[in-house]
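1. below: sequence and its predicted model.
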Amino acid sequence: MEENNEKMTYTQAVTELEGIVKKMQDPECSIDNLSDYTKRAKTLLEVCRTKLTATDEELKGILDNL
């Protein structure tokens with residue numbers, strides 16, 4: 001994961017993903033851009049998965065200590 005992506009919040013990643021989906025669904029979307037959009041979406045999904053996994057582990061740790 002790039003340094004810039006590590007600083008990205010979950011909400012920022014989801015918002016950017018939503019924007020990419022809208023661009024890809026636009027009838028005016030150029031086929032030339034689809035590969036770039038897909039690569040960026042994959043990176044953003046990895047950011048989301050990492051953050052969700054870390055949060056899940058943290059919550060499990062908190063609940064185990066109750």
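-> Thanks, I have it.

2. can we go C-alpha only for contacts and neighbour counts from here?
-> Noted.

3. which stretches of this protein form helices?
-> 3-7, 10-25, 31-64 (DSSP state H).

4. comparing the ones you listed, which comes out most buried?
-> Mean neighbour count (mean count of other Cα atoms under 10 Å) peaks for helix 10-25 among these, with a mean of 15.

5. between helix 31-64 and that helix, find me the angle.
-> 150 degrees (axes from the mean of the first three to the mean of the last three Cα atoms, to 10 degrees).

6. report the distance from the helix or strand bottoming out on mean pLDDT in the chain to the chain centre.
-> Within the chain, confidence by mean pLDDT, DSSP states H and E is lowest for helix 3-7 among all helices and strands, at a mean of 74. Centre-to-centre, helix 3-7 and its host chain are 11 Å apart (Cα atoms, centre = their mean, to the nearest Å).

7. again with stretch 31-43
-> The answer for stretch 31-43 is 13 Å, by Cα atoms, centre = their mean.

8. okay, it in PDB with CA atoms only?
-> C-alpha atoms of stretch 31-43 as PDB (Å, rounded to 0.1, in the frame of the first residue of the first chain):
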ATOM      1  CA  ILE A  31     -13.100   2.500 -22.500                       C
ATOM      2  CA  ASP A  32      -9.500   3.800 -22.300                       C
ATOM      3  CA  ASN A  33     -10.100   4.800 -18.700                       C
ATOM      4  CA  LEU A  34     -11.700   1.600 -17.500                       C
ATOM      5  CA  SER A  35      -8.300  -0.100 -16.700                       C
ATOM      6  CA  ASP A  36      -7.100   2.900 -14.700                       C
ATOM      7  CA  TYR A  37     -10.400   3.100 -12.800                       C
ATOM      8  CA  THR A  38     -10.300  -0.700 -12.000                       C
ATOM      9  CA  LYS A  39      -6.700  -0.500 -10.800                       C
ATOM     10  CA  ARG A  40      -7.600   2.400  -8.500                       C
ATOM     11  CA  ALA A  41     -10.700   0.700  -7.200                       C
ATOM     12  CA  LYS A  42      -8.700  -2.400  -6.400                       C
ATOM     13  CA  THR A  43      -6.200  -0.300  -4.400                       C
END
